[in-house]
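Asks: Pasted the sequence and its predicted model underneath.
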Amino acid sequence: MDARRDFDHDFEDATIGEDIEDLDGTGGGDDVAMINVDCGNNDDNFGDNDVLLMSALASGRDIIVINYCYPCLCCHYCLLQKYFVDKKSNKNCFVLFARELNICWNDNPQYWRWTTLKETSGEEIEVAELLQVCWLDVRGQFNGAVDLSPGIAYEIVFVVRMIKCQDFSLKLTIILPNSKKLTRNESLNEKPLGSWFDIQLGEFKMSPENVGTMEFSLEDHTELWKSGLIVKYAIIRPKEPE
């Protein structure tokens, strides 16, 4: 599976583009509604954003993008989450950037390094670079009832990069709201160096039994010291037809 498929090209522009004017490939922004939520401002009235969302829906905009941001030292604002409607499939998608993931030891500079990544649009985002750990553990969660389209088959994917050769195996897990656990293993041996690629955790259908909080994780708890992995984001997106 290729992280740079057309769908994700659209997402890249939506995530970091300037006013996402290239999201639909037309160079215009009339069909796009963007709502920015400043998570670092305690005075923000989230009700105002609800009003903006309802107004955007009523206006018939094709795409609605909601950015959840927080101020940081490395750049003006860093994205935490993104909800958007993919124009190609017309289905809801959800993204958790590295800062919103629960990465064990991420606050210890001996083990992880936070760096800014400048995308082609010029926008900067934060990514987590693994320096050295034995206990590799990256987790996230989201509420599918709020963010995903009913009846649609979804996949959860980590987008990562390897910057040095490492042969270790990842345990990938999804825990659905009904407590059903989906688990698979994937080796990082022979993964491309220096390029972003997908690690698919698994698939699920957004059905009534899956309404609620879902959890997912990427882990390797063996005694082997691991390094050279960069975590960019996790995306929950519609599964492409086979």
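Replies: Arrived safely.

Asks: Low-confidence bits of this structure, can you list those?
Replies: Residues of the chain meeting the criterion pLDDT under 70: 1-78, 119-123, 145-147.

Asks: Need the contact partners of stretch 210-224.
Replies: 134-145, 156, 158, 168-178, 199, 201-202, 204, 226, 234 (CB atoms under 8 Å, 6 or more residues apart in numbering). (Each C-beta comes from the backbone N, C-alpha and C, glycine too.)

Asks: Could I have the buried ones of those as PyMOL selection syntax?
Replies: The following PyMOL line selects those of these that are buried, judged by 16 or more other CB atoms under 10 Å:
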select buried, resi 136+137+138+139+140+142+144+156+158+170+171+172+173+174+175+176+177+199+201+202+204+226+234
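
Asks: Cys104: what's it in contact with?
Replies: Val133, Trp135, Leu136, Asp137, Val138.

Asks: Could I get the full set of strands for the chain?
Replies: Secondary structure of the chain by DSSP state E: the strands cover 32-38, 63-70, 78-86, 91-97, 102-103, 112-118, 124-130, 136-143, 153-162, 169-175, 181-187, 196-205, 213-220, 229-238.

Asks: returning to what we had before: any idea which of the contacts of Cys104 is closest to Val85?
Replies: Val138 (26.6 Å; CB to CB).

Asks: Take the contacts of Cys104 and write them to TSV, including distance to Arg184.
Replies: Output for the contacts of Cys104, formatted as TSV (distance: CB to CB, whole Å):
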residue	distance to Arg184
Val133	22
Trp135	20
Leu136	16
Asp137	17
Val138	15
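
Asks: Is the residue nearest to Leu79 when sequence neighbours are not counted bridged to anything, and to what?
Replies: Nearest residue to Leu79 in three dimensions, chain neighbours excluded: Phe97, at 5.1 Å (CB to CB, 6 or more residues apart in numbering). Counting by DSSP bridges, Phe97 is bridged to Tyr233.

Asks: likewise Thr115?
Replies: Beta-bridge partners of Thr115, as defined by DSSP bridges: Val127.

Asks: Make sure it is actually in contact with Glu126.
Replies: Yes: with contacts counted by CB atoms under 8 Å, Thr115 reaches Glu126, the gap being 7.2 Å.

Asks: more neighbours, these two?
Replies: Glu126 (19 against 12; other CB atoms under 10 Å).

Asks: which residues sit against stretch 197-207?
Replies: Contacts of stretch 197-207 (CB under 8 Å, 6+ apart): 1-3, 144, 148-161, 170, 172-174, 176, 182-184, 186, 191, 210, 214, 216, 218, 239.

Asks: Could you pull up the residues touching Ser187?
Replies: Asp167, Phe168, Ser169, Leu170.

Asks: residues in contact with the first one?
Replies: Contacts for Asp167 were tallied using CB under 8 Å, 6+ apart; they are Ser187, Leu188, Asn189.

Asks: The second one: how many residues sit nearby?
Replies: The number of residues packed near Leu188 is 19, by other CB under 10 Å.

Asks: how far away is it from Val231?
Replies: 13 Å (CB to CB, to the nearest Å).
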